[in-house]
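Asks: no sequence on this one, just coordinates:
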């Protein structure tokens, strides 16, 4: 039987997936001196919405904001997960569309992607005004009628952005990825997301880095006989 080339739309989380660590979490842990930790834990336990968490983090940070030079130095020092650049090239060569879906802030996400010459990648993240070193998030994607928990529901984004003939692939690691993983046709997961999917008995491909994901695509996903 002739192999059939499949058409995938790949959706990728940013914090802890494209980057080695959760940049937003580390940012507030450092620059807000841990004072936002309680709201983060409430969010992780399902006791606070994403908007409550993100807004509170910014409010606490804004009480004593850091110079933008220190903020940029922090952002520029964040490490990228191994193989991400190769994975971008792989998707381009295969003709797979790639979209970044993040619950984090665009002020650090876009800077990191631009540093990698990836500022042309389609990105959905929380727009953030930076004025007088302070952060003002703009929750333009929030729709309580669609999803009261998420600041920009990744599951809803996949439903809206996926073309009729495409197969959705989601790659993620965190609490904000649950709805995306439930919506996607194929999931790559690690960390908190893998634990969640295990609890729901939802199948996924485990991964540590993007080299693992490329291997899985070549071995199991690129063609179907």
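Replies: Cool, got the structure. In this text, all values refer to a predicted model and were calculated from it rather than measured experimentally. Numbers count the residues shown, from 1 in each chain.

Asks: tell me the average confidence for stretch 63-80?
Replies: Across stretch 63-80, the average pLDDT comes to 97.

Asks: Let me fix that, I meant to ask about stretch 39-58.
Replies: Stretch 39-58 comes out at a mean pLDDT of 94.

Asks: for stretch 112-122, same thing?
Replies: 86.

Asks: Identify the residues contacting it?
Replies: For stretch 112-122, the surrounding residues in contact (CB atoms under 8 Å, 6 or more residues apart in numbering) are 18-19, 23, 75-76, 78, 80, 84-85, 88, 97-100, 110, 123. (Each C-beta comes from the backbone N, C-alpha and C, glycine too.)

Asks: make it 10 Å
Replies: For stretch 112-122, the surrounding residues in contact (CB atoms under 10 Å, 6 or more residues apart in numbering) are 11-12, 14, 18-19, 23, 75-76, 78-80, 84-85, 88, 91, 97-101, 106, 110-111, 123, 125, 161.

Asks: now the residue nearest to residue 184 when sequence neighbours are not counted, what's its secondary structure?
Replies: Spatial nearest neighbour of residue 184, excluding adjacent residues (CB to CB, 6 or more residues apart in numbering): residue 170 at 3.7 Å. Following DSSP: H, G, I helix; E, B strand; the rest coil, we place residue 170 in the strand state.

Asks: circling back to that earlier point, in strands, which of the contacts of stretch 112-122 fall?
Replies: 11, 12, 97, 98, 99, 100, 101, 123, 125 (DSSP state E).

Asks: Nearest to residue 203 among the residues you listed?
Replies: residue 11 (17.2 Å; CB to CB).

Asks: Spit out the contact partners of residue 189.
Replies: Counted by CB under 10 Å, 6+ apart, residue 189 has contacts 13, 17, 170-174, 177, 181, 195-198, 202-207.

Asks: Count the neighbours of the closest residue to residue 158 other than its chain neighbours for me.
Replies: Nearest residue to residue 158, sequence neighbours excluded (CB to CB, 6+ apart): residue 183, at 4.8 Å. Burial measure for residue 183: 19 neighbouring residues, criterion other CB atoms under 10 Å.

Asks: likewise residue 131?
Replies: 9.

Asks: Against residue 101, how distant is it?
Replies: 26 Å (CB to CB, to the nearest Å).

Asks: before we move on, what about residue 107?
Replies: Remark: distance between residue 107 and residue 101 (CB to CB) = 17 Å.
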